[in-house]
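1. Curious how this folds, go ahead:
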Amino acid sequence: MDAKPVKGGKAGGEVKFRDQAFKSRTLITPDGVAVAVEGFAVTTSEPAIIQYLEQHPEFTREE
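-> The predicted structure follows:
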């Protein structure tokens with residue numbers, strides 16, 4: 001399965017998460033989706049990625 005990188009802009013319905021451990025890295029979800037961390041942050045509107053990051057101990061959701 002090919003990994004799909006995910007980056008976010010600032011559109012409606014997007015959620016921002018702060019990485020507490022790394023400034024930049026790539027996470028691979030159990031579904032094989034690559035999630036890029038840049039500048040300690042990930043922004044996404046994908047429900048599966050939001051759920052994954054909410055359960056990850058090194059990420060906090062920003063309001």
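2. CA atoms for contacts and neighbours, from now on please.
-> Will do.
3. Report the buried residues of stretch 53-63.
-> Buried residues in stretch 53-63, defined by neighbour count with 16 or more other Cα atoms under 10 Å: L53, F59, T60.
4. With secondary structure added, can I get the residues you listed in JSON lines?
-> Putting the buried residues of stretch 53-63 into JSON lines (DSSP: H, G, I helix; E, B strand; the rest coil) gives the following:
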{"residue": "L53", "secondary structure": "helix"}
{"residue": "F59", "secondary structure": "strand"}
{"residue": "T60", "secondary structure": "strand"}
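5. For the residues you listed, could you give me a markdown table that also reports pLDDT and distance to K16?
-> Formatted as a markdown table, the entries for these read as follows, by pLDDT from 0 to 100; distance: Cα to Cα, whole Å:
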| residue | pLDDT | distance to K16 |
| --- | --- | --- |
| L53 | 97 | 10 |
| F59 | 98 | 10 |
| T60 | 98 | 9 |
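6. For those residues, give me TSV that also has distance to A21.
-> Rendered in TSV, the data for these read as follows (distance: Cα to Cα, whole Å):
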residue	distance to A21
L53	13
F59	8
T60	11
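7. Show the secondary-structure elements that the helix or strand hosting V37 is packed against.
-> Per DSSP states H and E: V37 is located in strand 34-37. Packed against strand 34-37 by the contact rule (3 or more Cα pairs under 8 Å, 6 or more residues apart in numbering; DSSP states H and E) you find strand 5-6, strand 25-28.
8. Give me the mean pLDDT for the shortest one.
-> Right, the one you point to is strand 5-6. Along strand 5-6, the predicted confidence averages to a pLDDT of 48.
9. C-terminal to the lowest-mean-pLDDT helix or strand in the chain, what's the next element?
-> For the chain, the helix or strand with the lowest mean confidence is strand 5-6, at a mean of 48 (criterion: mean pLDDT, DSSP states H and E). Beyond strand 5-6 in the direction of the C-terminus, DSSP H and E gives the next helix or strand as strand 15-19.
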